[in-house]
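**Q** pasting a predicted model and its sequence here:
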Amino acid sequence: TSLDKSETLAAVAESPFLTLPRKIETLYLAALGRKPRAEELAKLVKHVETGDPAKQKQRLGDVFWTLINTVEFRVNH
């Protein structure tokens, strides 16, 4: 779940065409096969936007790591 090891994460995090909510939605689709619920999306957008803007890609990596470590991911895959 680091930018240098995950092509999926790197493509999403570095895309100039996706807004932050769309990046999170794309990570959800990649990991869980569904879009985030409104409350999930709002919480994660707030998390990624908080703090140093230079670390936004790292926080997207944290979101991706969290998604692939959920029970939902393990059950679906």
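**A** Yep, it's here.
**Q** quick one: E49 from Q56, how far?
**A** 7 Å (CB to CB, to the nearest Å). Yep, even glycine has a C-beta here, placed from its N, CA and C like the rest.
**Q** give the residues shared as contacts by these two.
**A** Common neighbours of E49 and Q56, counting by CB atoms under 8 Å, 6 or more residues apart in numbering, are L20.
**Q** pull the helix or strand hosting R74 out as PDB, backbone CA atoms only.
**A** Under the criterion of DSSP states H and E, R74 resides in helix 71-76. What follows is helix 71-76 as a C-alpha-only set of coordinates in PDB (Å, rounded to 0.1, in the frame of the first residue of the first chain):
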ATOM      1  CA  VAL A  71     -13.200  -8.100   7.300                       C
ATOM      2  CA  GLU A  72     -15.300  -7.000   4.200                       C
ATOM      3  CA  PHE A  73     -12.100  -7.300   2.000                       C
ATOM      4  CA  ARG A  74     -11.200 -10.700   3.400                       C
ATOM      5  CA  VAL A  75     -14.700 -12.100   2.900                       C
ATOM      6  CA  ASN A  76     -15.000 -10.800  -0.600                       C
END
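**Q** what about it, distance to the chain center?
**A** 16 Å (CA atoms, centre = their mean, to the nearest Å).
**Q** which strands or helices does that helix pack on?
**A** Contact partners of helix 71-76 among helices and strands, from 3 or more CB pairs under 8 Å, 6 or more residues apart in numbering; DSSP states H and E: helix 20-32.
**Q** export the helix it packs on as CSV, just CAs?
**A** The C-alpha trace of helix 20-32 is given here as CSV (Å, rounded to 0.1, in the frame of the first residue of the first chain):
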residue,chain,number,x,y,z
LEU,A,20,-10.2,13.7,-3.6
PRO,A,21,-13.7,12.2,-3.1
ARG,A,22,-13.4,10.4,-6.5
LYS,A,23,-9.9,9.1,-5.4
ILE,A,24,-11.4,7.6,-2.3
GLU,A,25,-14.3,6.2,-4.2
THR,A,26,-11.9,4.5,-6.7
LEU,A,27,-9.9,3.0,-3.8
TYR,A,28,-13.1,1.6,-2.4
LEU,A,29,-14.1,0.1,-5.8
ALA,A,30,-10.6,-1.5,-6.2
ALA,A,31,-10.5,-3.0,-2.7
LEU,A,32,-14.2,-3.7,-1.8
